[in-house]
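In: What shape does this take:
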Amino acid sequence: MTINPSWIGNTGASPRALESLHAAAPRELPFGYYQLLGYSNGGECPPPGPFFNFCLDPAETASDSSQIGIFAATAPELFVFGSDGGSQLFAFNLRGEAPCQIVTFDGVDPAGSMQTVA
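Out: Residues are numbered from 1 along each chain as shown. Coordinates of the predicted model:
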């Protein structure tokens, strides 16, 4: 795994936090996502492209059932794992086959603002 040299991170997620995330996720998420959280449980860096910042949610936030429920209602089949520090959210698009695409969208208008970023 290659980490952006500008990454500002935290201590890695505990095995228990990663297990809780795995159990809470609506389907299998990319292995690299769990690896990143094991390295840094949340963090941020400036991404390439038009985004202000990339802020990775800690495993505990991503696995929170209230957050998962809110996004399931407003942005079905997306699993939110971070933001740009503002109103843009980053999520795995769970609509297709693996590997999941990474999308960004505005939480106010998910359908009208979704863009594939990776």
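
In: Tell me how far Asp84 lies from Phe31.
Out: Using Cβ to Cβ, to the nearest Å, one obtains 24 Å as the distance from Asp84 to Phe31. Yep, even glycine has a C-beta here, placed from its N, CA and C like the rest.

In: typo on my end, Gly86
Out: Distance check for Gly86 against Phe31: by Cβ to Cβ, it reads 29 Å.

In: Among the two, which residue is more densely surrounded?
Out: Neighbour tally, Gly86 and Phe31, criterion other Cβ atoms under 10 Å: the higher count belongs to Gly86, 12 against 9.

In: if I look at the more buried one, how far off is Ile3?
Out: Counting by Cβ to Cβ, the separation of Gly86 from Ile3 is 23 Å.

In: now swap in Ala91 and tell me
Out: 21 Å.

In: Show me which of those two is the more surrounded one.
Out: Comparing Ala91 with Ile3 by other Cβ under 10 Å, the one with more neighbours is Ala91, at 23 against 12.
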